[in-house]
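[1] output the structure for:
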Amino acid sequence: MSLSISQVATAADVNVQTIRYYERRGLFPTPRRTPAGYRQYTDDAVTRLRFIKHAQELGFSLHEIEELLALRVRHGAACDAVERKTRGKIDLVPHRLRHLQRMKRTLERLAAACMARRPTDDCPILEVLEDHDDLSH
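    This is a model prediction of the structure:
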C-alpha cells in the first residue's frame, strides 16, 4: 500500500515538515515519487518515524538515532552496541534530574517574585528572562 506524506505524518503523529527534515538528514529514506512528483511511502515509514520519535523521547540525539537505525539493520549483532548506548543514556538521567530540579526551583522563585510584585512593577519573570545570568542563582 502506498501512503502520502500527510497520511504518514498523521499516522505517526508528526508534522509533514518533520518528515522532510528527516529525509534531508538521512534518517528517513527518500520515497518513490508519482509522475506528478508526490511522495509515496510504504507502511514501514510510519514504523520508522515512530522509532525515531520514541528514541528522541528517551533522550537520543538525531545523530545517535542515525547510528541506532544503522544498527537496527544488523539485528542481533547490534544488541551489544545498542545496550552500551542505552547505558550511556541511563548514566545521564541523574544529571538531567538535577538540572530539572534546579529549573523547577528557579521557576518557583520567579513565580513567587511575580506574586510579590506591585501592580506598577514590570513583570519580574520577563525581566529575568531578558537577563539570562539571573537564572542560575
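
[2] the most centrally placed residue in the chain is in what secondary structure piece?
    In the chain, the C-alpha nearest the mean C-alpha coordinate belongs to Gln56, at 4.3 Å (C-alpha atoms, centre = their mean). Using DSSP states H and E, the element containing Gln56 is helix 44-57.

[3] same question for Pro35.
    Judged by DSSP H and E, Pro35 forms part of no helix or strand.

[4] all the helices of this protein, residue numbers only.
    5-12, 16-25, 44-57, 62-73, 79-116, 124-130 (DSSP state H).

[5] thinking again about what came up before, check contacts around the residue nearest to the centre of the chain.
    Contact partners of Gln56, counting by C-beta atoms under 8 Å, 6 or more residues apart in numbering, are 62, 65. The C-beta positions use only the backbone N, C-alpha and C, and glycine is treated the same way.

[6] so what pLDDT did it get?
    Predicted confidence (pLDDT) for Gln56: 93.

[7] now for the protein, the helix or strand with the poorest mean pLDDT.
    Every helix and strand of the chain was ranked by mean pLDDT, DSSP states H and E. The lowest is helix 124-130, at a mean of 76.

[8] which other helices and strands contact that helix?
    helix 79-116 (3 or more C-beta pairs under 8 Å, 6 or more residues apart in numbering; DSSP states H and E).

[9] and the helix it packs on, what does it pack against?
    Other elements packing on helix 79-116 under the criterion 3+ C-beta pairs under 8 Å, 6+ apart are helix 62-73, helix 124-130.
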